[in-house]
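Could you work out the structure for the sequence below:
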Amino acid sequence: MPNHRHGDRLTWADALFLYLEREGMPLNVAGVSVFEGVISREACAHFIASKLPLIPRYYQRVVTPPFNVGLPAWEYDPEFDVRKHVHEVTLKQGTEAEFQAVCGKLLGKVMDRQMPLWDLTLVRGLKGNRTGVVARVHHCLADGIAGVGIMNVIFDANPAVPRLPKRKRHFRVPPPRDAFASLLDGWLSSFSNMVQRSLEAQSELTNIAERVVASGRDWPAGEFAKLLPELTAPTEPLHFNVTYRGPQKFAWAEIPLAEIKAIKQACGTSVNDVVLALVTSTIRRYAELHGDKIDNRLLRIMVPVNLRGSDKPDDLGNRISLVPVTIPLDVRHPRKLLAAVHERTEFLKRTHVAELVSLAGTLMGTIATPLQAMLGPFASQLPITPFNLVCTNVPGPQFPLYLLGHKMLKWYPYVPVGGEMTLNCAILSYNGAVYFGFSGCSQAAPDLGRVVSLLKASATELCRATGIKSSRPERTIAKRKSSQKPKKVAKTQVPVPFPTGPPALEPVAMASPTIPTNATTVAAVPLHS
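From the prediction side, this is the model:
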């Protein structure tokens, strides 16, 4: 069993998600699943309770030291009851639209910090004799990779209904520490953390400098001169890059994984490159529909990169860096857009941007924790747009999972929104399909469902341009409501294949589950083969 001790402290990266969170703007990672049949709440709670010993962190809540002196700590909840974490709601109509609306409301709620920061909600009444499951985990507890690992622990790969223990398992809760001991320990841990972060920063800086110098010999001078200005240019806000006000909305779509892999194979890129090209094309169409000018404009996407050296499900917390992928928004030719994405991800890999961002995070971790806690809620409301949107791509199992013998049919991922990033996208591959989850602010992106149709149109267009047979019929994008005055939209150029195709460069992924790391080394490797 993993050893999660009473009193373990959060890392700076984990605590940051607590500091930035505010009412109405939860910072959770989540998944919306659809299962065959009807699942009982009591049976589900009993089943989840039988799995919790494998992830004892789920018994623990976050305890903040007095005056935020030091990082918050994990301590066992003395009143833990699994039934407080397993809920249910019932749909009235059972439609997909109603299901999405209910999911948006559930995902927009902040969790009670007096309890362990996770929950699971059964959504009853779905048409077709199905049950929805909304599973939430606070971002301080897990990132996307860890969240999928947890789901692999909780759910089964075997369709047989598991035999559950008849007796409830008990665990002994250590007594809480007194306030003075907590204050003293918080102060000592805060000082130790600042010293450790400073030493790590020096080591990382030396290591990065050596690697940049070594790899710089292989940089084509023209490529460096062309792409570096893009990387350092300020982010240009789009119409949805406004301060988040809520409430949240959630929409989803899916594309066969085989289709995306076929495009990757035909163009010599990676799965992540194909996904980023589809998201860029979708955002371009959405921006044009709302009157944004896209000529000579760049789209900056924040792509999380996994830094784990282990894929163990108990490796919780956040082990990620952030990479700014800056892509020209006015490239309409699908294959040229995919080639542009691949060129930039390769450039980011060679220039070690992930390591530089990780170094910046290490330096920020040296700031005193009381100041971090005080400034966090204000920082989340500042009119600053460091990125246009977040796009995270996480690999899931390519075999079906089961909950009490009920097969999981679909699995839509969720990434939080906040600040001026009010439209974000999470991608998850599961059992032969790639699932897209679009989270958005209902005020900044009220027509979030339109993004789904634009994604499907972009996927069909890319398939046609690469000679891949699409599983979707070609459709004309729906016109705007007659009550709205349509804005002029530039015509999309008819794609024509490259005479020779784009160069077959080595694939690179921006969000890998197996990137080895230590205090001084970060290496990017492909997400999918």
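
for the protein, what helix or strand is lowest in average pLDDT?
Within the chain, no helix or strand scores below helix 353-364, which has a mean of 54 by mean pLDDT, DSSP states H and E.

where does the chain have low pLDDT?
Low-confidence segments of the chain, defined by pLDDT under 70: 1-7, 144-147, 167-227, 307-321, 352-384, 472-529.

Can you list the residue ranges for helices in it?
Ranges of helices within the chain are 12-20, 41-51, 96-107, 144-154, 179-216, 221-232, 257-267, 271-289, 334-350, 353-364, 369-379, 448-466, based on DSSP state H.

these two touch, right, His342 and Val271?
No: assessed by Cβ atoms under 8 Å, His342 is found out of contact with Val271, at 11.4 Å. No exception for glycine: its C-beta is placed from N, CA and C like everyone else's.

Quick check on the two: which one has the bigger neighbour count.
Legend: neighbour count by other Cβ atoms under 10 Å for His342 and Val271, higher for His342 (27 against 23).

quick one: that one from Ala457, how far?
With distances taken as Cβ to Cβ, to the nearest Å, His342 is found 22 Å from Ala457.

What of Lys92?
Relative to Ala457, and taking Cβ to Cβ, Lys92 is found at 31 Å.

higher neighbour count, those two?
Legend: neighbour count by other Cβ under 10 Å for Lys92 and Ala457, higher for Ala457 (19 against 8).

I'd say the more buried one and Arg285 touch.
Yes: the criterion here is Cβ under 8 Å, and Ala457 meets it with Arg285 at 7.0 Å.

ok, now which ones touch Leu338?
Each residue near Leu338 by Cβ atoms under 8 Å, 6 or more residues apart in numbering is listed here: 263, 267, 269, 273-274, 277, 462, 502.

what do you get for Tyr412?
Tyr412 makes contacts with 31-33, 252, 254, 428, 435-437, as judged by Cβ under 8 Å, 6+ apart.

So what sits opposite it in the bridge?
When bridges are called by DSSP bridges, Tyr412 pairs up with Val32.

got it, and Tyr76?
Under the criterion DSSP bridges, Tyr76 forms beta bridges with Gln60.

roughly how far apart are it and Leu52?
12 Å.

quick one: common contacting residues for these two?
Tyr59.

Just give me the neighbour total for Pro72.
Pro72 has 22 neighbours, counted by other Cβ under 10 Å.
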